[in-house]
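[1] Structure, please.
(2 chains)
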Amino acid sequence: MTDKSVSLPDERKGGSFLKNNLRNYGMLLSLFAIMLFFEIMTDGTLMQPLNLTNLVLQNSYIVIMALGMLLVIVTGHIDLSVGSVSGFVGAVAAVLMVHYHVDFPLAVIACLIVGAAIGAAQGYWVAYFGIPSFIVTLAGMLVFKGLALAVLQGQSVGPFPPTFQKLSSGFIAEVFPGIGTLHPTSLSIGIVLALALVYASAKGRAREQSHGIEAEPYALFFAKSVALSCVVLYFTYLIASYRGFPNVLVIMAALIALYGFVTRRTVIGRQIYAVGGNAKAAKLSGIKTERLTFFTFVNMGVLAALAGLVFAARLNTATPKAGTGFELDVIAACFIGGASAYGGVGRVGGAVVGAMIMGVMNNGMSILGIGIDYQQVIKGLVLLGAVCFDVYNQRR
Amino acid sequence: MTAMLEMRAVSKDFAGVRALRDVNFTVTAGEIHALVGENGAGKSTLMKVLSGVYPAGHYEGTIIFDSEERRFRDINDSERLGIIIIHQELALIPLLSIAENIFLAHPPSRLGVIDRHTVYRRTRELLAQVGLRESPDTLITDLGVGKQQLVEIAKALSKRVRLLILDEPTASLNEADSAALLDRLVAFREQGIASILISHKLNEVAKVADRITVLRDGRTVDSIDCRTEKVEEDRIIRSMVDRDLAHRFPERQAGIGNPVLEVEDWSVRHPLHPERQAIKNVDFVVRSGEVVGIAGLMGAGRTEFAMSLFGRAWGAGINGRIRLDGRDVHLTSVPAAIDAGLAYVTEDRKQLGLILSDDIRKNITLASLGRVSSRGVIDDFRELKAASEYRTRMRIRSQDVYQEAGQLSGGNQQKVVLSKWLMTDPKVLILDEPTRGIDVGAKYEIYSIINGLAEAGKGVVVISSEMAELIGICDRIYVMNDGAFVGEFAGSEATQEKIMRAIMHNQRLAKAHGKEKRVGEMQS
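    Below you'll find the predicted structure:
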């Protein structure tokens, strides 16, 4: 059959490239719009170095869990137990370190293993028995909330040893002490990071072109690079003028980079998306769908445990109420970030931006003195709006 | 005879692409009008204009029904006049009964309470009309596709249908069910109900149609009145593809070598009903360079047999031996089967073959990610290169390899699935209904691909419900019935009659055997 009957355009234009990636840019733009809005409404309080640092600390555990939740959602499942699990692990950490005086590194490792075991226990039923994850993790939510209470015997346990507190409230060590009020180590890391990002994307673009792949238009690439490095530098400047990069920011950044890489570039990442896109087809293509589903839950358990540790370290005490309602923020972050409730679709970057949108809104509204009642109303509407926007976009 | 429906100069654009250009189409009362054309020729678009899926104002041209111009705002407007469309994907609710499905939207009721007595009586009448002997209480999920199709028609009849539109009604039916369905259309014709039949199966069209309209690239290119002219399949095919198809099946040089796949004494139990033996001690051989067909009716166990071979993807209690290239292999999982050199192209492209939300590239490399990655990291460029090569080689018509698989036509989707499996470099490919729902031009291309594989020394197994297709492309044909092979023919000797006779003979034997057994049990 000849090809003349088809007249599809073979090259795409810059405009269509922008359109195809609108969703990703759109997310970032709405984050900026929201930040700008609160920056103006709060007379500049939002972006003050102290507040910005707090913003990072307050949202770190949500971002960490959103990374795991994204994978769970991409495989077409959900995990409602993450809040309870993080609370439970925080309780275990407190009991180990405060009551039994276990070393900080040993206790952390033990807690991460506990998280993995919890994830495995839940993932087992979901992956190998086909029990809906909604039910398994709803059960888990109750079980671990109860266990946290039992472990703590209904009381708050603390304070933690100072080394453990550093996990959340510490800042990276200053190598060049005593030069002005800016923290030069953090500042230089920021500058190197900005340069590295621009270099990496320029190199990727050149590589794409050398292979004859459609790269994003030059103007767009240039604008993006300038904007990106400006944002990184400005953010670094603000953070460096308070106390430098918090430890937890470093952990968070490393995890984001790792999960971004795994989801976009690795075989296992690709297979996770395939399972969520069409589990039966994936299975018949030789993908071990059950095992992958199982591991996304194990992974979620580990990250929930890490988040629990970060949260406990931040409060410097483990309380029976810790973790309550976290799962909602985490799940909302993923969906605001463009993940599909049907599985197979979602990006790490999206989930992180989604978490930051939630975080900025929480923070901004608190500064403005909006009560917790209307904060929830507004957050709910934003979630609904973001998902509606997505569905509308896909229908077109 | 006066026209019941007249569509005049209908045109429709999709974002600058002309889907229909000045199409004229008429249906007179009580005729079966077949609408044929390749996928993408505009058949479905035309029917969506007619049924109001694309409301008035979204197309150019006029629709005249019962000598009055109609402007349908939605599908309810056209249904009110008795224009009822039955889509290829059936719209029945699996866990509701036949009666509940038929009267889903407007059940006869008193004061909002459903009148069950009337529902049952009417359902029985309708089922009798379509010739379906089932209780109104039977759940849809317990019916085969053929019977579900009849329920859809009964549902249409419940709405006082005057013009029935059937989009590929027989695509997933076996020959017996297809024949029964076509008989219904003929019976409706007697009652004055007109039908528009969209079909790729030209032999069916030739059998029942009063008129045939051929669409190509959104235009009417031919119109045949079967009552005055002789129907020649070749003429239809020529107008459909704008090309002389001297042979519907491409030629191939047979170069048959040693056995690549040998299956001995293979038996499989049904996974949900372990007492049921689904595959009964089957022997099966494929040689390199050979195209082997498996014929049979729906439910004969062909798909189950193929999937049980493919790393035990179906079935329980599997027994028997598989030899690949003369070596015994134990394929206990799909990855093991793929590694050993087996590929299985599923019957159901959309549900089991493709990830529709992913692009062509990701679909093609899915089963062989190891070939485009190192240490678990995918090399984007190697992947892109491999996918692009297959896109060119298999002539997948798309913008580029980044187009979503869900947006492609059936033929191109099938080529994507085939690419996926070719990329695993298999020794034996099992193709389950490879041309179902694919237009004639794309079918020819698929046959050429099959020939190319055989010429490259691979063993190819084709499962198909179209006997003409198997006879046209296979070197050897197995006939399966009730989980066992009941006949084996060389491709050159096989005829449709011989294959059907093998099946029917076996069914009679089974019945007679069953009776004897029952008698025996009673005596003991």
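[2] In chain A, which residue is most central in space?
    Most central in chain A under CA atoms, centre = their mean is residue A:63, positioned 3.1 Å from the mean C-alpha point.
[3] Where does that one sit: helix, strand or coil?
    Taken by DSSP: H, G, I helix; E, B strand; the rest coil, the conformation at residue A:63 corresponds to helix.
[4] I figured it was touching residue A:355, is that so?
    Yes. Counting by CB atoms under 8 Å, residue A:355 is a contact partner of residue A:63 at 4.6 Å. C-betas here are computed from N, CA, C, even on glycine.
[5] which residues are in contact with both of those two?
    residue A:333 (CB atoms under 8 Å, 6 or more residues apart in numbering or on different chains).
[6] Count the neighbours of residue 100 for me.
    No chain specified, so I'll use chain A. 8 (other CB atoms under 10 Å in any protein chain shown).
[7] right idea, wrong chain: chain B
    Applying other CB under 10 Å, I find that residue B:100 has 19 neighbouring residues.
[8] any idea how far it lies from chain A?
    For residue B:100, the distance to chain A equals 26 Å [CB to the nearest CB, to the nearest Å].
[9] need the contact list for that residue.
    Per CB under 8 Å, 6+ apart, neighbours of residue B:100: residue B:93.
[10] Show me the shaky parts of chain A.
    By pLDDT under 70, the low-scoring segments of chain A are A:1-24, A:177-181, A:213-215, A:393-396.
[11] Spell out the residue ranges of the helices in the stretch 1-150 of chain B.
    B:43-51, B:75-80, B:98-102, B:116-130, B:145-158 (DSSP state H, counting those that start in this stretch).
[12] Which of those helices sits closest to residue A:135?
    Closest to residue A:135 of those, according to CB to CB: helix B:98-102, at 27.7 Å.
[13] ok, residue A:38 - contacts?
    So residue A:38 contacts A:46, A:360-361, A:363-365, A:367-368 (CB under 8 Å, 6+ apart).
[14] in chain B, what spans have low per-residue confidence?
    Using pLDDT under 70, chain B drops low at B:1, B:15-17, B:39-40, B:171-172, B:241-247, B:507-524.
[15] For the stretch 151-300 of chain A, which residues are neighbours of chain B?
    A:207, A:211, A:213-214, A:265-268, A:270-271, A:273-274, A:277-278, A:280-288 (CB under 8 Å from any CB of the partner chain).
[16] can we see that at 6 Å?
    Residues of the stretch 151-300 of chain A lying near chain B by CB under 6 Å from any CB of the partner chain: A:211, A:265-267, A:274, A:277-278, A:280-281, A:284-286.
[17] quick one: which of those residues sit in strands?
    The members of those all map outside strands under DSSP state E.
[18] Ranking by neighbours, what's the top pick from those?
    Going by other CB under 10 Å, residue A:285 tops these with 31 neighbours.
[19] quick one: contacts for it?
    B:366-367 (CB atoms under 6 Å, 6 or more residues apart in numbering or on different chains).
[20] what separates it from residue A:364, distance-wise?
    According to CB to CB, to the nearest Å, residue A:285 stands 46 Å off from residue A:364.
[21] quick check, distance from stretch A:72-87 to the centre of its chain.
    Here stretch A:72-87 shows a centroid-to-chain-centroid distance of 13 Å under the convention CA atoms, centre = their mean, to the nearest Å.
[22] Return the alpha-carbon coordinates of that stretch using CSV.
    Taking C-alpha atoms only, stretch A:72-87 is exported to CSV below (Å, rounded to 0.1, in the frame of the first residue of the first chain):
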residue,chain,number,x,y,z
VAL,A,72,2.1,3.7,44.1
ILE,A,73,-0.5,5.8,42.2
VAL,A,74,1.3,5.3,38.9
THR,A,75,0.9,1.5,39.3
GLY,A,76,-2.8,2.2,39.7
HIS,A,77,-3.0,1.8,43.5
ILE,A,78,-3.3,4.1,46.6
ASP,A,79,-1.8,4.0,50.0
LEU,A,80,-3.9,5.5,52.8
SER,A,81,-1.7,4.2,55.6
VAL,A,82,1.3,6.5,55.1
GLY,A,83,0.3,9.0,57.8
SER,A,84,-0.2,6.3,60.4
VAL,A,85,2.9,4.5,59.3
SER,A,86,5.0,7.6,59.6
GLY,A,87,3.5,8.3,63.1
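[23] and it, does that touch chain B?
    No. Contact of stretch A:72-87 with chain B (CB under 6 Å from any CB) is absent, the minimum separation being 11.3 Å.
[24] List the contacts of that stretch.
    The contact list for stretch A:72-87 (CB under 6 Å, 6+ apart) reads A:65, A:118, A:133-134, A:137-138, A:140-141, A:144-145, A:148, A:272-273, A:275-276, A:293, A:296, A:300, A:304, A:307-308, A:322-323, A:325-327, A:330, A:334, A:339, A:343, A:346.
[25] circling back: grab the two from the contacts of residue A:38 that are most spread out in space.
    Largest separation among the contacts of residue A:38 by CB to CB: A:360 and A:368, giving 12.0 Å.
[26] For those two, indicate the residue with more neighbours.
    Ranked by neighbour count (other CB under 10 Å), residue A:360 and residue A:368 place residue A:360 first, with 20 against 13.
[27] Which strands and helices lie in contact with the stretch of helix or strand the more buried one belongs to?
    Assigned by DSSP states H and E, residue A:360 falls within helix A:348-367. Packing partners of helix A:348-367 (3 or more CB pairs under 6 Å, 6 or more residues apart in numbering or on different chains; DSSP states H and E): helix A:22-41, helix A:49-74, helix A:247-265, helix A:326-336.
[28] from the middle of its chain, how far away would that helix be?
    Helix A:348-367 sits 10 Å away from the centroid of its parent chain (CA atoms, centre = their mean).
[29] residue contacts, residue B:454?
    B:289, B:291, B:460.
[30] again, only using 7 Å
    By CB atoms under 7 Å, 6 or more residues apart in numbering or on different chains, the residues touching residue B:454 are B:252, B:289-291, B:460.
[31] Over to residue B:302?
    B:294, B:296, B:463, B:480.
[32] Would you mind measuring from the third one to residue A:152?
    Between residue B:463 and residue A:152 the computed distance is 62 Å (CB to CB).
[33] Compare those two (neighbour count), which wins?
    A count of neighbours by other CB under 10 Å puts residue B:463 above the other of residue B:463 and residue A:152, at 25 against 22.
[34] Now name the helix or strand holding residue B:164.
    strand B:163-167.
[35] Next, the buried residues of the very next helix or strand once past that strand.
    Toward the C-terminus, strand B:163-167 is succeeded by helix B:175-190 as the next helix or strand (DSSP H and E). Residues B:175, B:177-178, B:180-182, B:184-185, B:188-189 are the ones in helix B:175-190 that count as buried (16 or more other CB atoms under 10 Å in any protein chain shown).
[36] One more: stretch B:308-326?
    B:308-315, B:318, B:320, B:322, B:324-325.
[37] Stretch B:99-112 too?
    For stretch B:99-112, using 16+ other CB under 10 Å, the buried residues are B:99-103, B:107.
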